[in-house]
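# Take this sequence and fold it.
(chains A and B)
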Amino acid sequence: MRAALVTLGVILCAVPLFAHEGPEGEIEELTERMKRNGETASLLTERAIEYRVIGKLPEATKDLELALAFAPDSIGAHRELARVLFLGGKANEAIAIIVRGLAVKTNEPSDLASLRMLRAEIYRSQNENKKALEDCDAGLRLHKQNPEWYLLRSDIQKRLKAHKERLAGLDEGIRETGAGVLEIERIETQLDAGQWNAALPLIEAELRDSRIKSSWLIRRARALIGLGKKAEAETDLKNAFEEIAKRLNPKNPDVPLLLDKALVHELLGEKKDALRAYEEARDKGATDSVNDRIKALLETPEK
Amino acid sequence: MNIVWRTEGPMDPVVRYGKEQGTLDKEVRGAVVRASLGGNGTPVLPKWEPLRTPANLALPKLHSAPVGTFQYEVKLKDLETETTYFYAVYNGGKRLTEDDGSFRFTTHPKSGSDRPVRFWVIGDGGTGRSEQAAVHDAMRKTVESEKHPLDFWLHVGDMAYTTGRDNEFQSRFFEMYDSTLRNKVCWPAMGNHEGFNANGKTGVGPYYDAYVTPTRAEAGGVASGTEAYYSFDYANVHFICLDSHDLSRKPGDPMASWLKADLEKAKADWLIAFWHHPPYTKGSHDSDKETDLTEMRKLIMPICEAGGVDVVLTGHSHIYERSMLMDGAYGTPTFADNVILDDGDGDPDGDGAYRKSKGIHAHEGTVQVVTGNAGATLGRNGTMPVMRRIILEHGGVLVDVKGDTLTGRMINRDGAESDLFSVVKRGKVTPTRLTLPWVPAEYKKPDIALKGVGGPSVDRKVLIAPGAEWQFTFDQPVRGKEWTQPVFPAEGWKRGPAGFGYGKLPFRTDVREMRRKATVLYARSEFRIEQVDRVTELGLEIDFSDAFIAYINGNEVIRSGVGRSSGRNAQNIKVREQKGPQFFALPDALKILKDGVNVLSIEAHNSSAEKVDFLLSPTLLLED
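Residues are numbered from 1 along each chain as shown, chains lettered A, B, ... in the order given. The predicted structure follows:
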């Protein structure tokens, strides 16, 4: 519905703004505008984002540093610069920028939260999990509506084996956001914590409601193995494998399916097949946590 | 259903609604949900000072909106499904909206119900220029002339150039689409231009101020917990919206995990996904060069296709590009070979609709539609080889889903239909990957290597003799590959002995009627094999002019002189200089033979309908 308010009403943008030919074109236009009218924090940030999209991280860094010189209170520019530095492998420099950003006064708590959570990601990548958890907790106190951040905290708590706190944190996330992925993560946490009987009825309900069942069959198998029902677990794993095989594109398999396939092999004690599938998933872009699985498997003695 | 509006200054928000225009017999009191009153210490006009109460200042902020702006939302509950309601916004007892019948909405039909669905899809329109208005008008005139209104519309992003600020939303989105927005729900995906001032991680910014999208599965699907990505059901279609701009696309990260979970649960007949950055494009953007696009292809498309998604709608690239039926094209750069399942044009009156099995199945093919052509200046950088239509015109896409058929039409700014494609989901279809599919003209063609050319087998039996009877046609419409399958009615086809031809020599079956009318002759003949596991070699001895493709039991086994694609879409037909029969070993055919009746099908091509001669004379040989 049309709002009944007085708009600013001035259309400042000239035609070329809509005439770009990809990021390179945008960069060219923004450069022209800055030559003509001078550099501003906003234009430099816009250009930096385009540089990042095409992988020109040094150029993006340079623009963002300049943007911050023009607008030292821009939390967005701090966040973007920290992100670009982190992407470029400069984690400590990224943390230093975040520290500067956190000192900026703002009316928008979510801005500060996003800086905290970015630093948590960086700490996690450095295996500084306790520091990462502190940032997550602080970030989630400032902004409670992002399911992604509850998952980040859950992952860090998993690394710290803090399953009780992990469950409580996920309960909070489910209350605040209702996100389905948090419900799934909660069941995963129950399995990680050995709460087989608590997890089982929830898994059964999901199985009844799902068109594609393999992920839930695997979760049920994990619970059944925990309860010592190995034969039943094996049946679930074989059924899951069959469904996965039907859905895998033989030439270009997708990562989540490969991860499920690897887990089936792992739970069936087929270490070599599991490793092969995990490695393929890693090569196709799985998150870094797959490396933990590979490492753990390599440390497991052969059966 | 949420009704959202704004005012300058506060009001007493009331919405009245009912099933008759003149009888708005229900009433809901609303509440202010957001306000713009300046930050701490920001100077404001004296008239706004009294409004800067602690309660008002504690309200969520309207980002970049003029000071004094108040936003209201009213949620109407317990509505009947598939029912039209009229509504009016009141300031206390004073009606603010006109009483002209245009303020109305229709609720969603029951999930899974089989009723026709029509929606409009646009992207990259938010310029405020005449092209944007023309595209909107063209859609309105089309649906009016067809007497078939929209159910809702999708915006695939870039709705408020240049940086998605509040005033840009106001003048380039709300005011441009005013007449449609008041009675049709717009389901949005955030574009990169909105993303300059909105953050997908926090859900903060003018884009998020402008929309209420489901976070707790209010309209079906799995709850996403965020407005950045979500899903909803409409009748027998499940829609999935992703944020391709500023969230991680990595499998295992939240958005991809949610996508996987949502697809695991989806039980609709049709799955349609939409977002901003196209996985395949060579329009004003290049999906082989830009990370955002490459990652959507490499990381998200595999999940979509393993989940059975039928159509992907995107924008960002200022062009209209529509693909063939495709699957598994995740590499960089994108090639068409082995990822196209049907290289026809998808037009029911052309090459025929794309065919998929009934229901939802992994890897049976997706149609990609890039529709970033709703207003921004158009641009093209190259040719994406998986595309069947590449059109530099402003426009939008009207999609109709009726039972087992989905039809998409690009309606350009003048109201003309610039593209038409259909997908039909019926029966059981076994997808086949085309080794050398049709590609758009600008694509540099690879050298064609003839496969399997070798000497004749020594101890051979004749399975199909030189003068054997075949079913054949050159004047019946032949679409897709059904004609190569073991079971095919061949209605209207003729029968006659091989060879077929015209020219100076006499032929067993003279087909001179072909000349100047057709360049392709389709022929099929059955043969029997008693014990497949004893067959060691199969070969085709064939005299032909100029080119052919042979199939056994629906699978291509050999081609000569045909560059790409097949049937009426065949490209690069070479003139055959060599005379006399040629032998082709068919090693790949052994895997597809079966005990009992098999079918050899051949499409024979002439390089030109004007050419004075044509020949097809095949013999099928076996060594066991």
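# Excluding sequence neighbours, find me the nearest residue to B:Ser179.
B:Ser102 (6.9 Å; C-beta to C-beta, 6 or more residues apart in numbering or on different chains). Glycine gets a C-beta too; all of them are placed from N, C-alpha and C.
# Surely B:Leu505 forms part of a helix?
No: the assignment for B:Leu505 is coil, going by DSSP: H, G, I helix; E, B strand; the rest coil, so no helix is present there.
# any idea how far it lies from B:Phe614?
11 Å (C-beta to C-beta, to the nearest Å).
# Near the residue of chain A at minimum distance from chain B, how many other residues are there?
At 2.5 Å from chain B, A:Ala179 is the closest residue in chain A, using C-beta to the nearest C-beta. Neighbourhood size, A:Ala179 [other C-beta atoms under 10 Å in any protein chain shown]: 30.
# residues touching it, list them.
Taking C-beta atoms under 8 Å, 6 or more residues apart in numbering or on different chains, we find A:Ala179 in contact with A:Pro147, A:Tyr150, A:Gly173, B:Thr215, B:Ala223, B:Ser224, B:Gly225, B:Thr226, B:Pro254, B:Trp258.
# that older thread, between B:Leu505 and B:Phe614, tell me which one has more neighbours.
Neighbour count, other C-beta under 10 Å: between B:Leu505 and B:Phe614, B:Phe614 has more, with 27 against 9.
# Name the helix or strand for the residue of the stretch 251-400 of chain B found nearest chain A, please.
Nearest residue of the stretch 251-400 of chain B to chain A (C-beta to the nearest C-beta) works out as B:Pro302 at 3.0 Å. Assigned by DSSP states H and E, B:Pro302 falls within helix B:301-306.
# where's whichever helix or strand comes after that helix relative to the chain centroid, distance-wise?
Using DSSP H and E, the helix or strand that follows helix B:301-306 towards the C-terminus is strand B:311-314. Relative to the mean C-alpha coordinate of its chain, strand B:311-314 is positioned 5 Å out (C-alpha atoms, centre = their mean, to the nearest Å).
# quick one, domains of chain B?
The record's domain parsing of chain B by automatic domain parsing lists B:2-95, B:110-425, B:461-623.
# can you redo those domains as TSV with mean pLDDT?
Converted to TSV, the domains of chain B look like this (pLDDT from 0 to 100):
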stretch	mean pLDDT
domain B:2-95	89
domain B:110-425	95
domain B:461-623	89
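# what's the closest of these to A:Arg219?
domain B:110-425 (11.8 Å; C-beta to C-beta).
# What parts of the stretch 301-450 of chain B come near chain A?
B:302-303, B:305-307, B:318, B:327-331, B:338, B:360, B:362-363, B:375-377, B:379, B:381 (C-beta under 8 Å from any C-beta of the partner chain).
# Derive a PyMOL selection command for the buried subset of those.
Buried residues within those, by 16 or more other C-beta atoms under 10 Å in any protein chain shown, are selected in PyMOL with:
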select buried, chain B and resi 302+303+305+306+307+318+327+328+329+330+338+360+362+363+375+376+377+379+381
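# so of the residues of the stretch 301-450 of chain B next to chain A, which ones are in strands?
Per DSSP state E, strands hold no members of these.
# which residues of the stretch 451-600 of chain B fall in strands?
Along the stretch 451-600 of chain B, counting by DSSP state E, counting those that start in this stretch, strands occupy B:461-464, B:469-473, B:494-497, B:500-502, B:509-510, B:520-529, B:537-545, B:547-552, B:555-560, B:562-564, B:571-573, B:582-585, B:596-605.
# Dump those strands to TSV, plus mean neighbour count and distance to B:Glu8.
What follows is the strands of the stretch 451-600 of chain B, written out as TSV (neighbours: other C-beta atoms under 10 Å in any protein chain shown; distance: least, C-beta to C-beta, whole Å):
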stretch	mean neighbour count	distance to B:Glu8
strand B:461-464	16	82
strand B:469-473	20	71
strand B:494-497	14	77
strand B:500-502	24	79
strand B:509-510	16	82
strand B:520-529	19	68
strand B:537-545	23	78
strand B:547-552	24	69
strand B:555-560	21	67
strand B:562-564	21	61
strand B:571-573	16	61
strand B:582-585	19	78
strand B:596-605	22	69
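# Which of the ones you listed sits closest to chain A?
strand B:555-560 (16.2 Å).
# So which other helices or strands are in contact with the closest one?
For strand B:555-560, the elements it packs on are strand B:537-545, strand B:547-552, strand B:582-585, judged by 3 or more C-beta pairs under 8 Å, 6 or more residues apart in numbering or on different chains; DSSP states H and E.
# Which one of the residues in the stretch 451-600 of chain B is closest to chain A?
B:Lys591 (14.9 Å).
# on that earlier part again, now for the helices and strands packed on strand B:555-560, which one comes closest to B:Lys265?
So among these, strand B:547-552 is nearest, using C-beta to C-beta, at 39.1 Å.
# Next, give phi and psi for the residue nearest the centre of chain A.
Among the residues of chain A, the one closest to the centroid is A:Glu148, at 6.4 Å (C-alpha atoms, centre = their mean). Phi and psi for A:Glu148, reported as degrees, to the nearest 10, are phi -60, psi -40.
# Looks like it contacts B:Leu247 (just checking).
Yes: when contacts are counted by C-beta atoms under 8 Å, A:Glu148 is listed as touching B:Leu247 (7.3 Å).
# what do the two both touch?
Common neighbours of A:Glu148 and B:Leu247 (C-beta under 8 Å, 6+ apart) are B:Lys201, B:Asp253, B:Pro254, B:Met255.
# contacting residues for the third one?
What it means is B:Pro254. Taking C-beta under 8 Å, 6+ apart, we find B:Pro254 in contact with A:Pro147, A:Glu148, A:Leu151, A:Ala179, A:Val181, B:Leu247, B:Ser248.
# again, but for the second one
The neighbours of B:Asp253, taking C-beta under 8 Å, 6+ apart as the test, are A:Glu148, A:Thr287, B:Leu247.
# Which residue, neighbours along the chain excluded, lies closest to the first one?
When you say that, I think you mean A:Glu148. If the residues on either side of it in the chain are set aside, A:Glu148 comes closest to B:Pro254, at 4.3 Å by C-beta to C-beta, 6+ apart.
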